[in-house]
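A.B. asks: generate coordinates for the sequence data below:
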Amino acid sequence: AGLAKLIGLAGETNVQGEEQKKLDVLSNQVFVKALVSSGRTCILVSEEDEEAIIVEPSKRGKYCVVFDPLDGSSNIDCGVSIGTIFGIYMIKDGDDPSLEDVLQPGKNMLAAGYCMYGSSCTFVLSTGSGVNGFTLDPSLGEFILTHPDIKIPKKGKIYSVNEGNAKNWDGPTAKFVEKCKYPTDGSSAKSLRYIGSMVADVHRTLLYGGVFLYPADKKSPSGKLRVLYEVFPMSFLMEQAGGQSFTGKERSLDLVPKTIHERSPIFLGSYDDVEEIKALYAAEEKA
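C.D. replies: Down below sits the predicted model:
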């Protein structure tokens with residue numbers, strides 16, 4: 001990216017109010033062009049575009065794609081792993097795509113996945129029958145199945161969260177992290193691992209187990225991650241791998257978004273770890 005003068009800021013902000021990197025803009029253009037020209041899509045929702053893109057009738061298909069073209073782009077200039085996240089729905093009315101086709105619960109997704117650009121190019125995909133991971137072989141130009149039928153461990157030894165926000169957390173989140181560091185049952189403390197790129201943090205969680213948290217807090221009472229193209233796809237993958245995803249109130253995939261850039265808290269990862277978080281929220285509700 002550096003040699004092609006593609007690092008640094010583009011001098012614009014996106015709909016989220018975030019400064020766009022040059023690769024944010026370029027990757028969005030690449031994905032939109034590819035998806036429209038495929039003839040398979042009818043409506044696209046991108047993190048980088050304020051409005052949904054309705055595909056013209058002559059190029060229209062039956063699939064609705066929601067995506068973050070370049071997640072973790074604040075890490076571009078320092079060489080940390082970044083990636084693309086996506087989810088796919090089927091259009092409800094084959095002749096007239098609208099926002100209703102993408103403002104569906106995550107449990108209605110047909111497929112979801114991410115591609116991580118790091119030491120290797122890794123593609124993780126679920127079409128609703130488990131999760132498989134593929135790695136790009138540059139010599140062939142093909143993705144090779146390297147992680148068949150991924151299953152997350154039932155309980156993990158790692159927690160992943162931005163502890164810099166700790167003073168703004170609610171009670172259950174603070175209690176869970178405290179328990180991770182200072183367990184009272186005689187077990188070993190969990191290790192903290194936080195990259196700051198959702199794709200990379202969730203990928204590690206999926207393979208090694210544990211839990212990834214991006215809770216609501218005083219600064220972001222509705223959470224920070226976007227429902228359609230961050231929370232839903234990653235929650236879909238996590239459930240397909242045997243884990244769980246929770247918002248602090250309900251199963252993440254049961255959410256019904258009202259806007260395309262809606263945000264939500266998220267706790268996802270190993271089944272037993274998320275059960276602990278759910279129990280803490282249930283206890284607070286009863287108190």
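
A.B. asks: please identify which helix or strand holds the nearest residue to Thr84 once chain neighbours are set aside.
C.D. replies: The shortest distance from Thr84 to any non-neighbouring residue, by Cβ to Cβ, 6 or more residues apart in numbering, is to Cys115 (4.7 Å). Backbone N, C-alpha and C define where each C-beta goes, glycine included. Following DSSP states H and E, the helix or strand that holds Cys115 is strand 111-117.

A.B. asks: return the helix or strand in the chain with minimum mean pLDDT.
C.D. replies: Lowest on mean pLDDT, DSSP states H and E among the helices and strands of the chain sits strand 9-13, with a mean of 55.

A.B. asks: so how far does stretch 109-123 reach from one end to the other?
C.D. replies: 18 Å (Cα to Cα, to the nearest Å).

A.B. asks: on that earlier part again, show me what the very next helix or strand once past the strand holding Cys115 is packed against.
C.D. replies: Downstream of strand 111-117, the first helix or strand assigned by DSSP H and E is strand 121-126. Applying 3 or more Cβ pairs under 8 Å, 6 or more residues apart in numbering; DSSP states H and E, we find strand 121-126 packed against strand 111-117, strand 132-137, strand 142-147, helix 198-208, helix 232-240.

A.B. asks: just name the most buried of those.
C.D. replies: Using mean count of other Cβ atoms under 10 Å, the stretch among the helices and strands packed on strand 121-126 with the largest mean neighbour count is helix 232-240, at a mean of 27.

A.B. asks: ok, residues contacting it?
C.D. replies: Residues from elsewhere that reach helix 232-240, judged by Cβ atoms under 8 Å, 6 or more residues apart in numbering: 66, 85-87, 106, 109, 112-114, 124, 126, 128-131, 152, 198, 202, 205-206, 244-245, 252-253, 255, 266, 268-269.

A.B. asks: so for that helix, mean pLDDT?
C.D. replies: Across helix 232-240, pLDDT averages out at 99.

A.B. asks: now that helix, how far from the centre of its chain.
C.D. replies: Distance, stretch centre to chain centre, for helix 232-240: 8 Å (Cα atoms, centre = their mean, to the nearest Å).

A.B. asks: any residues touching the very next helix or strand once past that helix, and which ones?
C.D. replies: Heading C-terminal from helix 232-240, the first helix or strand you meet, by DSSP H and E, is strand 244-246. For strand 244-246, the external contacting residues (Cβ under 8 Å, 6+ apart) are 231, 234-235, 238-239, 251-253, 266-271, 274-275, 277-278, 281.

A.B. asks: and with 7 Å instead?
C.D. replies: 235, 238-239, 251-253, 266-268, 271, 274, 277-278 (Cβ atoms under 7 Å, 6 or more residues apart in numbering).

A.B. asks: for the stretch 51-200 of the chain, which segments are assigned as helices?
C.D. replies: Listed in chain order, the helices found in the stretch 51-200 of the chain under DSSP state H, counting those that start in this stretch are 171-181, 198-208.

A.B. asks: tell me the SS of the nearest residue to Lys155 once chain neighbours are set aside?
C.D. replies: Distances taken as Cβ to Cβ, 6+ apart put Asp272 closest to Lys155, at 4.1 Å, once the chain neighbours are dropped. Using DSSP: H, G, I helix; E, B strand; the rest coil, the structure places Asp272 in helix.

A.B. asks: next: Asp24.
C.D. replies: helix.

A.B. asks: same check on Val256?
C.D. replies: Assignment for Val256 (three-state DSSP): coil.

A.B. asks: how about it, nearest residue that isn't a chain neighbour?
C.D. replies: Val256's closest residue in space is Pro105 (Cβ to Cβ, 6+ apart), at 5.4 Å.

A.B. asks: mind giving me the domain ranges of the chain?
C.D. replies: 9-147, 158-286 (automatic domain parsing).

A.B. asks: could you tell me the least trusted of those domains?
C.D. replies: Among the domains of the chain, domain 9-147 has the lowest mean pLDDT, at a mean of 92.

A.B. asks: how far is that one from where the chain is centred?
C.D. replies: With Cα atoms, centre = their mean, you get 11 Å for domain 9-147.
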